[in-house]
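> okay, here's the prediction I keep looking at, along with the sequence it came from:
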Amino acid sequence: MRFRDVDGGAWDKGYTGEDVIVGVIDSGIWPEHPSFADDGSYSASPVGPLGDSRPNCKFGNTHHNPDDAPFTCNNKLLGARQMLDTYRLFFLDPDEFDSARDNDGHGTHTASTAAGNAGVEASVLGVPRGVVSGIAPRARVIAYKGLGDLGGFTSDLAAAINQTVADGVDVINYSVGGGANLPGADEIAFLFADNAGVFVATSAGNSGPGASTLGNPGTMPWMTTVGASTQNRSFEGSASSSDGWEFFGASITDGTVELPLVDSADAGSELCRPGDLIPAAVEGKIVLCRRGAIARVAKSYAVFEAGGAGPGDPWRSTSCR
């Protein structure tokens, strides 16, 4: 967004990623997302058709999940491979997509941030949220699903890295990582990718900005490690009471009328673990969940499942302290 907004920025200078191929290794991709739409302005793939050593546009496995709609890749989304050979031996849940389709949205988020089309109208829960664009909106995308709902295996991730090189990508986007450690198979695969002339961008992790908070693979010197930044736009809401208190924080929801507040520690699960809350204790109430251990979205869903307050949406029924 800032590249276009600032005079003399990268977009003004013509750096829009035209014909660059970005390989995104993550949780897959939602191919129908407008950020990956082929509007007819893209030329044929710069590398031609992808090899068929494994399915190169892996969607439509309705036998495993009926919601896995077929999709034909195009000149924007050049391909999508499932790289979960090891994961599928152990953890493939019945509700996961046995394809390159994104289960949790993270891969779609990272792919659209890196190379999503320019000028896409965004909305959340039906509310318009402005126009969004990727950093390199004219770049092409090949998605590699190396993570499932329960995480992933280094063997699958290393195989995905090797596959990106074989497919001829120019850039690898890797928003995956952990704590600082010695090089593993994925870091070594990235070294080989670098030797092949592929630019590798990996996340700095989520533990900053203090000292010694960088995690692997971002600790390796043969890739570019990218930390989070801020912008002058936020979506904010508040929790308030007729008693006079009000707390502000990030929110994208419509909220509720004033309702009773219950501490999750008194409702069966201080951390709001899914399945552990007592429905009779939280039904129709706003639930205060202690932060940590599991994702905040999972905490919200736990409240939703137990009947906590919120007009039909799990994000509207919890607050984390």
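Everything's here; your move.

> from now on I want contacts and neighbour counts done on CA atoms only, so please keep to that.
Will do.

> what is the neighbour count of V297?
12 (other CA atoms under 10 Å).

> mind listing what's buried in the helix or strand where it lies?
Following DSSP states H and E, the helix or strand that holds V297 is helix 296-305. Neighbour counts over helix 296-305 (16 or more other CA atoms under 10 Å) mark 296, 298-304 as buried.

> closest to G151 among the residues you listed?
Of all the buried residues of helix 296-305, A298 has the smallest distance to G151: 14.8 Å, by CA to CA.

> surely that closest one touches P274?
Yes - using CA atoms under 8 Å, A298 is in contact with P274, at 6.9 Å.

> how far away from the center of its chain is stretch 185-199?
Here the centre of stretch 185-199 is set off from its chain's centre by 23 Å, with CA atoms, centre = their mean, to the nearest Å.

> from the rest of the structure, what touches it?
154-155, 157-158, 161-162, 165, 169-172, 200, 217, 220, 222-224 (CA atoms under 8 Å, 6 or more residues apart in numbering).

> at 6 Å instead, please
158, 170-171, 217 (CA atoms under 6 Å, 6 or more residues apart in numbering).

> now these as CSV including neighbour count and pLDDT?
Below are those laid out as CSV (neighbours: other CA atoms under 10 Å; pLDDT from 0 to 100):
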residue, neighbour count, pLDDT
A158, 19, 97
D170, 20, 97
V171, 22, 97
P217, 30, 90
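
> what is the nearest of the buried residues of helix 296-305 to N56?
A298 (31.8 Å).

> show me where the protein has helices.
In the chain, the helices defined using DSSP state H lie at 2-5, 87-90, 106-115, 154-167, 185-195, 279-282, 296-305.

> is it possible to get CSV of those helices that adds distance to Y144?
Compiled in CSV, the helices of the chain are given as follows (distance: least, CA to CA, whole Å):
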stretch, distance to Y144
helix 2-5, 27
helix 87-90, 14
helix 106-115, 9
helix 154-167, 6
helix 185-195, 14
helix 279-282, 40
helix 296-305, 24
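
> and these, which one is worst for confidence?
Among those, helix 2-5 carries the lowest mean pLDDT, at a mean of 46.

> just want the most central residue of this structure.
H106 (1.4 Å; CA atoms, centre = their mean).

> need the contact list for the nearest residue to that residue once chain neighbours are set aside.
In this structure, H106 finds its nearest non-sequential neighbour in S27, 6.2 Å apart by CA to CA, 6 or more residues apart in numbering. Counting by CA under 6 Å, 6+ apart, S27 touches 102, 107, 145, 147.
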